[in-house]
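Peer 1: please work out how this folds:
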Amino acid sequence: MTDSVTIKKPFDSHVHFRQGAMLRAVTPLTAAKFSRAVVMPNTDPPIETVDQAAEYKKEILGAMPQGSHCEPLMTVYLTKNLTAVEIEKGAKSNVCKIYGVKSYPYGATTNSQWGYRSILEAKEVLKKMEEVGMPLLLHGEVHMNESGGEVDPYEGERLFIEDILPRLLDSYPKLKISLEHLSTAVAADFIEKHGAEGRLVATITPHHLLYAREEAESRPLLRCKPLIKSKAEREKVRLLVKKGLPFVFAGTDSAPHPESKKFSATPAFGVFSAPVAIELYTQIFDELGVLNLLENFLSINGPNFYGLPPSEETITLVKKDWQVTEPVVTDEGEKVWPIGHKEHGLGNETLRWRVR
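Peer 2: Numbers count the residues shown, from 1 in each chain. Here you go, the predicted structure:
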């Protein structure tokens, strides 16, 4: 029985740091366990220019502990203000290179009010991205139908995979695309069939691998977009991970909110996993019997997609039971509760692995 595993320091392909006090509280947690992190741009206001990304990067670096080797990889938000000229500038910038453009469906999640109703409208930007080799990072859900009505949020990813994604692939055959936070069986099947290194990849969160709709619907800490799906859907996603495909890798989608927003009448969308993500991924791979595939998933495949070398540093995890008992507290006194918490999670949850 394996009771420890050493891997190259992981790469987080999808993380939210927010701003201000929240950013100062959560950034060190990612910096401690990840070599690089692809930073999401759905701040308020959104990051939609290279100059804004550069200022945001300064804020993030200022929050990292002294001696940290974690590199934030900056992205911009696909709003109607984003231009092809800005894409070219971001691709060439020596000060703040832009590693991807994030697309959010209008109104679907936190700060998504600036997104296109249909990504297919962004023709000039997508053409330029294809030309310069800049990845499109997709929140792959349909949120509103052609009549302007909201679709069933449990069906949004399926509708996107069956309709929008094939049209994107056909229209932009050289565009690098990452389907972020894959959560359904139909998406898993599509990626297994059509995924390709450097062309079409997918990221998967720990919470979509660990939890099921039956557990998540009544628990604020597990309220997120895309929604956590049924046990049957989760098992299909777990089977995809178990195949060890080089175009499937980790993106935590760690998305913190203060206690006041998570425990409100309508909890904010977002799962805060940064304190426990590596441990949960390891636990899941152990349960699946594929710890030998963990390093590729966490540390190799993501950097490969972004044209970067894997980290030369390593981390070691040991098999040891423990529980999350405390929140993260910002310097303004706001509590931020991680998933897996002993009381606010499923109830007396025990994590099986820990970073040494």
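
Peer 1: give me the pLDDT for Gly149.
Peer 2: For Gly149, the pLDDT comes out at 80.

Peer 1: can you pull the phi and psi angles for it?
Peer 2: Dihedral pair for Gly149: phi -90, psi 150, per degrees, to the nearest 10.

Peer 1: and the one 5 residues further on, by the same measure?
Peer 2: Reported as degrees, to the nearest 10, the phi and psi values for Tyr154 are phi -80, psi -10.

Peer 1: gap between it and Ser183?
Peer 2: Computed as Cβ to Cβ, to the nearest Å, the Tyr154 to Ser183 distance reads 10 Å. C-beta here means a position set from N, CA and C on the backbone, and glycine is covered the same way.

Peer 1: for the chain, what helix or strand is lowest in average pLDDT?
Peer 2: Ranked by mean pLDDT, DSSP states H and E, the weakest helix or strand in the chain is helix 213-216, scoring a mean of 92.

Peer 1: show me the contact partners of it.
Peer 2: With contact meaning Cβ atoms under 8 Å, 6 or more residues apart in numbering, helix 213-216 is reached by Tyr154, Leu222, Arg223, Leu227, Ile228, Lys229, Ser230, Lys231, Glu233, Leu346.

Peer 1: the same query, at a cut-off of 6 Å, please.
Peer 2: Leu222, Ile228, Lys229, Ser230, Leu346 (Cβ atoms under 6 Å, 6 or more residues apart in numbering).

Peer 1: next one: stretch 114-126
Peer 2: Counting by Cβ under 6 Å, 6+ apart, Pro46, Leu78, Thr79, Leu82, Ala84, Ser103, Tyr104, Pro105, Tyr106, Tyr172 sit against stretch 114-126.

Peer 1: in terms of helix, strand or coil, where does Tyr56 fall?
Peer 2: helix (DSSP: H, G, I helix; E, B strand; the rest coil).

Peer 1: Lys97 versus that one, what's the distance?
Peer 2: Using Cβ to Cβ, one gets 13 Å for the distance from Tyr56 to Lys97.

Peer 1: now do Gln113
Peer 2: From Gln113 across to Lys97, the span is 27 Å (Cβ to Cβ).

Peer 1: ok, now Glu312?
Peer 2: 21 Å.

Peer 1: neighbour-wise, which of these two wins?
Peer 2: A direct count of neighbours by other Cβ atoms under 10 Å for Glu312 and Lys97 places Lys97 higher, at 16 against 9.

Peer 1: name the nearest residue to that one, ignoring sequence neighbours.
Peer 2: Among residues not flanking Lys97 along the chain, Gly90 sits closest, at 6.8 Å (Cβ to Cβ, 6 or more residues apart in numbering).

Peer 1: what is the burial count for the one you found?
Peer 2: Residues within reach of Gly90, counting by other Cβ under 10 Å, total 26.

Peer 1: surely it and Val50 touch.
Peer 2: Yes. In terms of Cβ atoms under 6 Å, Gly90 counts as a neighbour of Val50; the distance is 4.8 Å.

Peer 1: quick revisit: drop anything exposed from the contacts of helix 213-216.
Peer 2: Neighbour-count burial (16 or more other Cβ atoms under 10 Å) is assigned, among the contacts of helix 213-216, to Leu222, Ile228, Lys229, Leu346.
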